[in-house]
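S.K.: need coordinates for the below:
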Amino acid sequence: MAKTSSSSPTFGAASLSPTFQNVSVPKKIRKCLPIYSVCVLFVLILVNFDVVFSPSGDQLPRQQQKPRQPSGLSSRSSSFEPLSKKRRPGHTFPQKLWQTWKIDPLLFGITETSRAMTWIAQNPQMRYEVITDNSDVTYVEQHFGPAGLNRPDIVDFYQSVNLRIIKADLLRYMILYAEGGIYTDIDVEAIKPFHRFIPERHNEEDYDLIVGIEVDMPQYRNHRILGPKSQSFCQWTIVSRPRHPVMMRLIERIMKWFKGVAQEQRVPLGQVELDFDQVITGTGPSAFTAAVMEEMNIAVAATNGGHGKKITWDDFHNMDESKVMGRVLVLTVEAFCAGQGHSDSGNHGSRGALVKHHYHASNWPSKHPRYRHPAYGQVEECNWNAECVEKWDQNVAAFEKLSEDEKKKVIVERLKLLQPQVPPSPPQEQEQQQQQQKDSPQVPAEDIPPPDQKKMAQNPGDVNAPALQLPPE
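M.R.: Numbers count the residues shown, from 1 in each chain. Got it, this is the predicted structure:
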């Protein structure tokens, strides 16, 4: 058997395996086998170079350690691509989804669960939390108490208020001020992921708050009922960085306003009663819009040395693409409020629609009635239809000129129109009824007992009960 050179780092063929001792191997192969062995060893070292000659992950600085890829998932991007290029639009905002509701998510019904799941499914990388009626005070105390912002006035106020819709509005502003992120009502469904909220043509470092238009009907800004609601930003979905001044401005304004209402009503904070319009203007979209517009103008003035054109709603009227003004990104009406039937809001199938609102999951308007004219009802039922609103205004104006007796007659006639109409019976049934009346014995009127008023009150569905209680003439 040929021997290899003593200076060679390779091994003889016989030393590689005992099986070669009794096997006849061609001489040329025996000479090349050590070279093959060296080549294989070199390739193995080269392939595992980073494992053999690199320190362990624990020895690397934190900045150099690479996150482990979960098993079963593959990365389509290069592992050497800078992290900044991998991040989606919106990554500079807190990656947290917030909702508030009566009960814990584990106790959600099918409707609430299905809608909440749309946000989680569209944004699987985000954290998700629900503040409930049982955990809200704890959250407020943690972030606004001595261990947080040390605002005992805010904590005491929140604990003193009993109206659920006021606390719900207040809590969303508190959450966004304390931690930021995406707040959305429990009755809102996510259509697209959060990174679609961020228009590519804007630099997200240039704004700290994202809002969408809800109502864009400025032609009614002077209407006595529709005016405060005619131009507003949406409040059921808001995106904010933490510590945004709009949120604290809202919190403090709500406290001052609500305490004033309590003084006017001469009741404690926990006994204040509000109608629908007071909620809208005090804590809802109208209050939110006023605070946002004020902050926009403060930011513009600070940027331009106290000068510059004042921002008004005219800057957002008929807006067909997003705008950044005063460090606020304003999205078009179809983004958060598609399918309303007014304000040129489009539909939920449009490219710009981001969420779908299902309206009033808590049924709060039933506890805070809208203004209803005694004869012509609510103007909101027109849903901003110009002809309907104009007719309502004309009827109400004419009604005010009537005498009290004439007003009562109009109300009676209107109530009669609202009574459900009983469809006429087919001819055959009419003939049968007439024949039955002929065959049945006639009972004198004085022998018919009077209706049981108590029974009628307990059974409003009784056909003998009056459909509506009409006012006396």
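
S.K.: please name the nearest non-neighbouring residue to residue 189.
M.R.: residue 356 (4.3 Å; CB to CB, 6 or more residues apart in numbering). C-betas here are computed from N, CA, C, even on glycine.

S.K.: let me know the average pLDDT across the host helix or strand of that neighbour.
M.R.: In the assignment (DSSP states H and E), residue 356 maps to strand 355-357. The average pLDDT for strand 355-357 rounds to 98.

S.K.: got it, and stretch 419-436?
M.R.: Rounded mean pLDDT across stretch 419-436 is 67.

S.K.: next, the contact list for residue 273, please.
M.R.: By CB atoms under 8 Å, 6 or more residues apart in numbering, residue 273 lies in contact with residue 265.

S.K.: please apply the same query to residue 194.
M.R.: 90, 122, 123, 126, 182, 239.

S.K.: at 7 Å instead, please
M.R.: Applying CB atoms under 7 Å, 6 or more residues apart in numbering to residue 194 gives the contacts 90, 123, 182.

S.K.: of those residues - the most surrounded one?
M.R.: The most crowded member of those, judged by other CB atoms under 10 Å, is residue 182 (25 neighbours).

S.K.: I'd guess it is in a strand, am I close?
M.R.: Yes: membership of residue 182 in a strand is supported by DSSP: H, G, I helix; E, B strand; the rest coil.

S.K.: that one and residue 240 touch, don't they?
M.R.: No: at 8.5 Å, residue 182 does not count as touching residue 240 under the criterion of CB atoms under 7 Å.

S.K.: one step back: from the contacts of residue 194, pick the one nearest residue 100.
M.R.: Among the contacts of residue 194, residue 182 lies closest to residue 100 (CB to CB), at 12.8 Å.

S.K.: which residue ranges of the stretch 301-450 of the chain form strands?
M.R.: Along the stretch 301-450 of the chain, counting by DSSP state E, counting those that start in this stretch, strands occupy 323-325, 328-331, 355-357.

S.K.: which non-adjacent residue is nearest residue 120?
M.R.: Excluding the flanking residues, the one nearest residue 120 by CB to CB, 6+ apart is residue 128, at 5.6 Å.

S.K.: burial check on that neighbour, number of neighbours?
M.R.: Residues near residue 128, counting by other CB under 10 Å: 17.

S.K.: ok, now which ones touch residue 155?
M.R.: Residue 155 touches 140, 141, 144, 145, counting by CB under 7 Å, 6+ apart.

S.K.: make a ChimeraX selection of the buried ones in the residues you listed.
M.R.: Buried members of the contacts of residue 155, identified by 16 or more other CB atoms under 10 Å, are gathered into one ChimeraX selection as follows:
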select :140,141,144
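
S.K.: so which of the contacts of residue 155 sit within helices?
M.R.: 140, 141, 144 (DSSP state H).

S.K.: now render those residues as JSON lines, adding distance to residue 299.
M.R.: Output for the ones in helices among the contacts of residue 155, formatted as JSON lines (distance: CB to CB, whole Å):
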{"residue": "140", "distance to residue 299": "28"}
{"residue": "141", "distance to residue 299": "31"}
{"residue": "144", "distance to residue 299": "25"}
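
S.K.: make a markdown table from these and add pLDDT and distance to residue 323 to it.
M.R.: Output for the ones in helices among the contacts of residue 155, formatted as a markdown table (pLDDT from 0 to 100; distance: CB to CB, whole Å):
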| residue | pLDDT | distance to residue 323 |
| --- | --- | --- |
| 140 | 99 | 34 |
| 141 | 98 | 38 |
| 144 | 99 | 33 |
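
S.K.: doesn't residue 338 make contact with residue 214?
M.R.: No: counting by CB under 7 Å, residue 214 stays clear of residue 338, with 10.9 Å between them.

S.K.: what residues are up against the residue nearest the centre of the chain?
M.R.: By CA atoms, centre = their mean, the chain has its centre lying nearest to residue 184, at 2.5 Å. Applying CB under 7 Å, 6+ apart to residue 184 gives the contacts 99, 119, 236, 237.

S.K.: just list whatever residues bridge to it.
M.R.: residue 237 (DSSP bridges).

S.K.: pLDDT at it, what is it?
M.R.: 98.

S.K.: so how far is residue 172 from it?
M.R.: Computed as CB to CB, to the nearest Å, the residue 184 to residue 172 distance reads 9 Å.

S.K.: then residue 138?
M.R.: Distance from residue 138 to residue 172, by CB to CB: 16 Å.

S.K.: same question for residue 380.
M.R.: Counting by CB to CB, the gap from residue 380 to residue 172 is 23 Å.

S.K.: shaky segments in the protein?
M.R.: The model of the chain has pLDDT under 70 over residues 1-33, 36, 38-86, 421-473.

S.K.: following the record's annotation, map out the domains of it.
M.R.: Domain assignment for the chain by automatic domain parsing gives 1-59, 96-367, 372-416.

S.K.: need the winner for burial among those.
M.R.: Comparing the domains of the chain by mean neighbour count (mean count of other CB atoms under 10 Å), domain 96-367 ranks first with a mean of 18.
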